Each structure stands twice: as structure tokens, then as C-alpha cells.
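Undergrad: okay, here's the prediction I keep looking at, along with the sequence it came from:
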Protein chains: 2
Amino acid sequence: MSVDNLITYFHNYIPLNSREKEDLRSRVIEKKIKRRQFILQEHDVCRHYTFVVSGCTKMYSVDNNGAEHNIQFASENEWIMDIGSFHSERESRLNIEAIEPSVILQIDKPTLIHLYQNHPKFCRIFRVIIENKFIELQNRLLQNISSNAEERYLAFLEQYPHLSNRLPNTQVASYLGITPEFLSVVRKSIAQK
Amino acid sequence: MSVDNLITYFHNYIPLNSREKEDLRSRVIEKKIKRRQFILQEHDVCRHYTFVVSGCTKMYSVDNNGAEHNIQFASENEWIMDIGSFHSERESRLNIEAIEPSVILQIDKPTLIHLYQNHPKFCRIFRVIIENKFIELQNRLLQNISSNAEERYLAFLEQYPHLSNRLPNTQVASYLGITPEFLSVVRKSIAQK
DNA sequence: CGCGACGTTGATTTGCCTCAACGATTGTGG
DNA sequence: CCACAATCGTTGAGGCAAATCAACGTCGCG
């Protein structure tokens, strides 16, 4: 059962008792997602926290020129969602889509509220999860403001070695905020050193 | 008393009872900070969550060339801290400094843990605070990846009108990730329209 | 008063984009 | 299972956005 992955994941933050485990097990929804299938589509409200059990997903926005900009990837044991839309229940401007065939677990808002109210532990766990995502995001923003394309690419390779092998470079370029053509130039220049 | 500002602030998230208020009052530290005074300096551990009561502060990193890059401003009723360093207790690579003479309130880690353990309400409040900071940061990253300097500047003016009047343009430029000279060009170009 | 921070302008350079083209690989429908 | 289409990675020519460097006037502050 895929829910066990999630239980183990939570367990690594704070051990869960059997009531908490059973509550999770009965409420979490499991889905199989095909490559290129949407988990969230622009103009919809983000109704779930999504936990990736296997496979790989991305969250991105589409600008006025139709270009995609990757905000985040999520592979095994990572969370992906538009937190803003989820909490405000307003239309999202973001898309979440599978890059590989994936298995995901989803928690909807009533479930999350239920967990918070009945098991204060989950409030702590999700606070820490969000904190960690915040730290990651802040580092990334810092990279973006202060480094050029080559430095950002090298930092990406170092920080996400498991992703750099799996992802097409077009996706990496979109994440770094450069064009695939220029990433190709950067890669060549690095290889020559 | 400045602590009242913080209590009112929390109250707007979730009403506090008198025990919670008294606990805050007795543990929160108030400080007056001069212009250009450091609240956190690179290579120190970030030991406090800082709440700005009045004035204005910035958090920034210094790159290899000695250039500063503003990650965040915080003025009245906003939080500023290096969450990563605070929780890991590792040296910060960031500086937090007052741009204006400021009054701040600080919560250290033992206090925060005490609050979390004795008043679960604070766990919820800080989760929501971090969530909101996360959303703000994500929007900013998106801006940075997908927009040019003029678009980012206009978005900044719209989103932080109270800051754009108070801050020197050098600080704004550092926040936007461009040089002050180029911001000047951008501003001129906007004014001519 | 004098010094340092600030905002602006201009000349030049550079990092990255755009567009076009090409093989190589992958995926897919017949 | 093959044939064709779509995606991918790369290269190159040319263009534009933004950086760099230098200079100058203004302002606030010690």
C-alpha cells in the first residue's frame, strides 16, 4: 500500500500512534497518474496537498507568450501543491503535471483540517514541512538574484543530482529561467573545462 | 508597550486567552535598533524570530564580489529571520539590518518551543504565518523567472506601495536583482509613458 | 563645511535571447 | 513492428536587455 510510504515519511518527523495512522489510512486518496496528465490545471482551485510516492511531477506557470516556467519539481517523498490557491480557494494560476508516470497520495482540505483538529501532531509536522520548503525556496531565490546561468546550473546539479539525470534539459532550463539553447551553451562551456 | 502590537497581531489570526497573552508578555524581548544596526550578522546563528513594530529592516546576502542582494524587507507588523539558520542552529550566510531606526520584538528558540508545547494555538498561528511568507516568496520567484526588470519594478510598486516611498532606489534595485543604474533607466522609461 | 550616500546619464561590453536549422532519439498510431 | 511525428539537444548568426565603468550634481549628516 502506498499510504505506508506516507506514514513512514511522517514517522521520520514525529512517530505516529495507531489512531493517527488509521485516520490517515482511511482518508488519504491514492491515484495513478500518466505522463503529461494534469494534477492541477490553471483556473481551477487547488483542492489537495499532493505527496509523490513514485514518479516525478512539476509545477509551472504559463506566461503571456505561452512560455512555461517551472517553479518546482517533486519526485519520491516530496510534496507539491499551490498553497496559496489551496488556502484561499481562489483560482490557481499554476499547473501541476506529471513528467513521469506517477503514483500520488492526496489530502483534501476537510481532511487536513480534521487532522489538525484531532491530532495536533500534524500541525507541527506540516509546519516543519512548510518551513523546509520555505528554506529551499529562499535559497533558490537567492541563487536567482545573485548568480549567472552557469552558477545556477552547477548549483542545481549539486542540489538535485537525482533529478538532473531524469529530467530533459528543456525542463531544467525552464526551472533555471533560461532558454534550452542557452543551457546547451552553458553545458558545453562546462564540459570544456 | 510594544508587546501589545504583537498581541493584537496574533489576535487577528486567532484570539488569545489571558494565559497566552501573559506568557508572551513575560518572554518577548523588546529592542530599539538604530539605522544601519545589525540584527543578525553573517556567520552568526540566527537566534530569534524578529517582529518589526516600527521602522524598516532588510535581510540580504553578500556575494563574492561584495555586492549585496536583498532577499526581504520587513516593516511594521512583519517578521524577519533566517529560518534555516534558526532551526538548524548553523551559521547564517545572511545579514539582517535596520534601514530606519526601528523597534523590534524578539522570540528566541526556547521561548518558541515553550509556546508550541504549552499553547498549541501558536503552532497553528506560526504555520499560517510561514505559509503566507511562502506564498509571497513563491510569487516573487515566479516574477523573477518570468518577467523583465520593468515588469518586476512595476509589480513591486503595486505590491509594496508603502515601501517604495520609504526606500532608497539602491535598496529597491538590490531587491529586484538589477543595478541601481539600470533601475534609473527603467524609471525614466516608465515616466516617459 | 566636507564627506559619503544617492540618483542620474552616457559609452561600452557582456550575458542571454531569438530565430532558424539540423541530426538523434523517443513515442505512437496504423 | 514499422513509419512517421514529435520532442530533444545542439549549433550559429544576429539582436536586445542589463551590467560595467566613469563621471557629475544633489542632498543629508556629522
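TA: Right, received. Where do you want to start?
Undergrad: which element is encountered next along the chain beyond the lowest-mean-pLDDT helix or strand in chain A?
TA: Least confident helix or strand of chain A, by mean pLDDT, DSSP states H and E, is helix A:161-166 with a mean of 91. Using DSSP states H and E, the helix or strand that follows helix A:161-166 in sequence is helix A:169-176.
Undergrad: need the residues that contact that following helix.
TA: A:58, A:60, A:68-70, A:73, A:99, A:149, A:152-153, A:156, A:164, A:179-180, A:182-184, A:187 (CB atoms under 8 Å, 6 or more residues apart in numbering or on different chains). Placement of C-beta: from N, CA and C, glycine included.
Undergrad: also within reach of DNA strand C: list those from these.
TA: A:149, A:179, A:182 (CB under 7 Å from any atom of the strand).
Undergrad: what's the single longest helix in chain A?
TA: In chain A, with assignment by DSSP state H, the single longest helix is helix A:120-146.
Undergrad: so is that helix next to DNA strand C?
TA: No: Helix A:120-146 stays clear of DNA strand C (CB under 7 Å from any atom of the strand), getting no nearer than 10.1 Å.
Undergrad: beyond that helix, next helix or strand please.
TA: Assignment by DSSP H and E places the next element after helix A:120-146 at helix A:149-159.
Undergrad: the least confident helix or strand of chain A near DNA strand D at all?
TA: No: Helix A:161-166 does not reach DNA strand D (CB under 7 Å from any atom of the strand); its nearest approach is 10.2 Å.
Undergrad: give me the distance from that helix to the chain's centre.
TA: Put simply, helix A:161-166 sits 15 Å off its chain's centre (CA atoms, centre = their mean, to the nearest Å).
Undergrad: check stretch A:123-140 too.
TA: On CA atoms, centre = their mean, the centre of stretch A:123-140 falls 12 Å from that of its chain.
Undergrad: hang on, the earlier thing: give me the PyMOL select line for the contacts of helix A:169-176, limited to the buried ones.
TA: Under the burial definition 16 or more other CB atoms under 10 Å in any protein chain shown, those of the contacts of helix A:169-176 that qualify are selected in PyMOL by:
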select buried, chain A and resi 58+60+69+70+73+99+149+152+153+156+183
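Undergrad: inside helices: which ones of the contacts of helix A:169-176?
TA: A:149, A:152-153, A:156, A:164, A:180, A:182-184, A:187.
Undergrad: rewinding a little: mind giving me the packing neighbours of the longest helix of chain A?
TA: Counting contacts by 3 or more CB pairs under 8 Å, 6 or more residues apart in numbering or on different chains; DSSP states H and E, helix A:120-146 packs against helix A:3-13, helix A:109-118, helix A:149-159, strand B:68-74, helix B:83-88, helix B:120-146.
Undergrad: nearest spatial neighbour of residue A:105, skipping sequence neighbours?
TA: Computed as CB to CB, 6 or more residues apart in numbering or on different chains, the closest residue to residue A:105 that is not its neighbour in sequence is residue A:51, at 4.4 Å.
Undergrad: hey, what's that neighbour bridged with?
TA: residue A:79, residue A:105 (DSSP bridges).
Undergrad: ok, it touching residue A:7?
TA: No: Residue A:51 is beyond contact range of residue A:7, at 10.8 Å (criterion: CB atoms under 8 Å).
Undergrad: so between these two, which is more surrounded?
TA: The neighbour comparison of residue A:51 against residue A:7 (other CB atoms under 10 Å in any protein chain shown) goes to residue A:51, with 25 against 16.
Undergrad: contacts only, for that one.
TA: A:5-6, A:9, A:77-79, A:104-107.
Undergrad: can you rerun that using 10 Å?
TA: Shown in contact with residue A:51 (CB atoms under 10 Å, 6 or more residues apart in numbering or on different chains): A:2-3, A:5-6, A:9-10, A:28, A:30, A:74, A:76-81, A:103-107.
Undergrad: can you turn the buried part of these into a ChimeraX selection?
TA: Restricted to buried positions by 16+ other CB under 10 Å, the ChimeraX selection for the contacts of residue A:51 reads:
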select /A:2,3,5,6,9,10,28,74,78,79,80,81,103,104,105,106,107
